[in-house]
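>>> Sequence and computational prediction follow.
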Amino acid sequence: MSEQFDVIVIGTGPAGESAAGRLHDGGQRVAVVEAELIGGECAYWACIPSKTLLRAPEAYTGADRAQGVTTPDLDWADLRDYRDYMVRHLDDSAQVTGYQQQGVTVVKGHAAFTGPRTITVSDRELSADNILIATGSEPIIPPIEGLADVPVWTNREATNLTEIPARALIVGGSAVGVELATFLARFGTQVTIVQSADRLLDREDPRVGELVAAQLSDAGVIIHTDTTARRARREHSDSVVTLDDGSEVRVDVIIIGAGRRPRTADLGLDRAGITVDERGAIPIDNSCRAGDRLWAIGDVTAVMPFTHVGMYQARVAADTILGHHRVATYEGIPRVVFGEPEIAAVGVTAASALAAGHDVITAEIDLADSITRPWTFEKEPRGTLGLIADRGEQRLLGAYAVAPLASEWIHHAALAIRARIPLPVLLDQVAQFPTYSEAYLAALETLPK
């Protein structure tokens, strides 16, 4: 006999957990289904361990750049222990117990649809008035000949590593590649990045990729753009990677950071009337509806696949299920790569804005030439802020910042874009002195009239 619920949430990463909690608080009888660990990719193998690992080298570099501070030592063993604590030693028993104590049913195993609102998990059948799919994404493994014969890490092995490798080749120059290169290089690894696109972080403004490449090069990272890894082989204790220009790189491990795809295989979505798109993603409407009382949120939708977007979609879908109709809008959502310094962006690039027919005006400033805070923050101050605006509409369309603490002060631009705050209002806004947020006034005043 089928077990009946008001809502079943399949997948308990940040998106699924946010939805489950909101629905439970709204009085729904909720079941969560998880094939691995409650908390998902973000909690155990992505956001949490990666940002934990990046904090020590960030502090080390910050101390080195600050006046009057003795540079501390990096302690890998201590950081590794703290990382293990932060990822709960890959143990979700406390999370399972917490749900059970709240009255949420936890079912461990792989879910597969048997009908529009019925699933099976192992030998259990569950049905619900609404089913919400939040199964996340999985890494794309590029077709490199011989890859199975050499040590290979995805983000999972890289963020849960036990020893720092002497040499690593990272396939992919997106956020994963940049963050792992930043962390490993600071701990002494000789890092090589191979990026098939013509620049790092190729979805951002070209200037961002240029700035990031310069920073990583200064840290000793070797960067190959417009390049792919063709073959790999084991030669004694080395992994030898042949690039498409015929050159070879000898490393200890190959790290794959070549993108991710929605995790939708083997869910039996066709039996629920859902057809995925060419990326394997579940199409949704602006309330995250994937069908009649079927919902999808987070990376599985391929709509801005960031943790914070999945959690936002969870609020939209849960509130709509609870009878408070909401519509998602994706303007003004920030994107951050936790490099050294941080890399933040929001809105559109200048090229995208031009393609969309905007009357584009742009400005870029060097922070050390424009405001005081960089000088009080570090020796040899650095940082760049760029703005993209529409001259006729007099509003901000996009922004990027490569600078200390950029993940925090990018939100000034994010709110301006989302709320469509007119440029004259932004120009009249007064920022605290001395802060990085003062840079917005300096940049806005250089926009062409």
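Great, that's in hand.
>>> Doesn't residue 184 lie inside a strand?
No: counting by DSSP: H, G, I helix; E, B strand; the rest coil, residue 184 is not part of a strand but helix.
>>> Without its sequence neighbours, what residue ends up closest to it?
Closest residue in space to residue 184, ignoring its immediate chain neighbours: residue 191 at 5.3 Å, by CB to CB, 6 or more residues apart in numbering. Where you see a C-beta, it was placed from the backbone N, CA and C, and this is true even at glycine.
>>> can you check residue 61 too?
That would be residue 340: by CB to CB, 6+ apart, it lies 5.4 Å from residue 61.
>>> which secondary structure element contains that neighbour?
Counting by DSSP states H and E, there is no helix or strand that carries residue 340.
>>> Residue 404 versus that one, what's the distance?
9 Å (CB to CB, to the nearest Å).
>>> coming back round to it: isn't there a helix covering the residue nearest to residue 184?
No: using three-state DSSP, the assignment for residue 191 is strand, not a helix.
>>> I'd like to check which residues are in contact with it.
167-170, 181, 184-185, 220-222 (CB atoms under 8 Å, 6 or more residues apart in numbering).
>>> And for residue 22?
Residues counted as contacts of residue 22 (CB under 8 Å, 6+ apart) are 314-315, 318-319, 322.
>>> And the next helix or strand past the strand or helix carrying it?
Here residue 22 sits within helix 14-25, counting by DSSP H and E. Proceeding N to C from helix 14-25, the next assigned helix or strand is strand 30-34, under DSSP H and E.
>>> could you give the angle of that next one to helix 14-25?
160 degrees (axes from the mean of the first three to the mean of the last three CA atoms, to 10 degrees).
>>> Against which helices or strands is strand 30-34 packed?
In this structure, strand 30-34 packs against strand 3-10, helix 14-25, strand 105-108, strand 124-133, with contacts taken as 3 or more CB pairs under 8 Å, 6 or more residues apart in numbering; DSSP states H and E.
>>> Tabulate the contacts of residue 191 (JSON lines), appending secondary structure, pLDDT and distance to residue 10.
Shown next, in JSON lines, are the contacts of residue 191 (DSSP: H, G, I helix; E, B strand; the rest coil; pLDDT from 0 to 100; distance: CB to CB, whole Å):
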{"residue": "167", "secondary structure": "strand", "pLDDT": "98", "distance to residue 10": "40"}
{"residue": "168", "secondary structure": "strand", "pLDDT": "98", "distance to residue 10": "35"}
{"residue": "169", "secondary structure": "strand", "pLDDT": "98", "distance to residue 10": "35"}
{"residue": "170", "secondary structure": "strand", "pLDDT": "98", "distance to residue 10": "32"}
{"residue": "181", "secondary structure": "helix", "pLDDT": "98", "distance to residue 10": "34"}
{"residue": "184", "secondary structure": "helix", "pLDDT": "98", "distance to residue 10": "34"}
{"residue": "185", "secondary structure": "helix", "pLDDT": "98", "distance to residue 10": "38"}
{"residue": "220", "secondary structure": "coil", "pLDDT": "97", "distance to residue 10": "43"}
{"residue": "221", "secondary structure": "coil", "pLDDT": "98", "distance to residue 10": "39"}
{"residue": "222", "secondary structure": "strand", "pLDDT": "98", "distance to residue 10": "42"}
